[in-house]
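Asker: What follows is a predicted structure for the sequence shown.
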Amino acid sequence: MRLFDMEEIIQFDKQLLLMVNGSDSVFLDYVVLTLTNAKTWIPLYLGLFYVVVMTHKPNWRDILLILAAAGLCVLLAGTIDDTIVKPLVARWRPTHDPQIGALVDVVNDYRGGNYGFFSAHAANTFSIALFFSLLMRHRLFVCFMVGWSLINCWTRLYLGVHYPGDITVGLLWGALVGYGVYRLYCRITIPARYDMRHLWVPIGILCLTILFAFVKAAL
């Protein structure tokens, strides 16, 4: 007797997605479309860059090292997923799944690419969130960064472009990458102490970005 029946797990994953996918709110649809767009979070990345510069200036070696580490997180977490894992596993996104595709609530015809295992949004955002959380080590900042990643994950479920299983594996891979890159960074140099006064900048930007998404949807 098998402890886990993979087909049962897959079917449960599909049913769970249909429970959390979409809503009857056009307003919320537009909020989610804004929050799921990678360009929306550019100000947050600039805020993190500000903290790094304010902490390490004028030592540009350390600044460039952190930028390289963040880039490595994205490369290992998302780029490998998109270029190798998704084509290799070839699991349909819910929006393209012949079995349940017609049942998925699609927003503004946003369907994503054909394959969705695993979620690059989940892997990318959580690797960045964990790397900077370990680097800066302030509880409030950690809560906001993890929350930011989970918001991104929720938007993918809402839009029906990933199954919960895609998100879960993406988070686990992102955690492994973020932690691994941080340990590699620690082998190269000694992490600095970060001032909470500087960390209020990315926290504030994060809150304003979410507010912007709601205001944009209301206009």
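Answerer: Yep, that arrived. Residues are numbered from 1 along each chain as shown.
Asker: who touches the residue nearest the centre of the chain in this structure?
Answerer: Nearest to the mean C-alpha position of the chain, counting by CA atoms, centre = their mean, stands Thr125 at 2.9 Å. By CB atoms under 8 Å, 6 or more residues apart in numbering, the contact set of Thr125 is Trp148, Ser149, Asn152, Cys153, Gly174. Backbone N, C-alpha and C define where each C-beta goes, glycine included.
Asker: Mind checking which of the residues you listed are buried?
Answerer: Trp148, Ser149, Asn152, Cys153, Gly174 (16 or more other CB atoms under 10 Å).
Asker: And the pLDDT for the second one?
Answerer: This points to Ser149. For Ser149, the pLDDT comes out at 98.
Asker: Of all the residues in the helix or strand encompassing it, which ones are buried?
Answerer: Per DSSP states H and E: Ser149 is located in helix 139-158. If you call a residue buried by 16+ other CB under 10 Å, then helix 139-158 has these buried ones: 141-142, 144-146, 148-153, 155-158.
Asker: Now stretch 62-72 - C-alpha only, CSV.
Answerer: As requested, the backbone C-alpha atoms of stretch 62-72 are provided in CSV (Å, rounded to 0.1, in the frame of the first residue of the first chain):
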residue,chain,number,x,y,z
ASP,A,62,30.8,45.2,-0.5
ILE,A,63,28.0,47.0,-2.3
LEU,A,64,28.7,45.2,-5.6
LEU,A,65,29.1,41.9,-3.7
ILE,A,66,25.6,42.2,-2.3
LEU,A,67,24.2,43.1,-5.8
ALA,A,68,26.0,40.1,-7.2
ALA,A,69,24.5,37.9,-4.4
ALA,A,70,21.0,39.2,-5.1
GLY,A,71,21.5,38.6,-8.8
LEU,A,72,22.6,35.0,-8.1
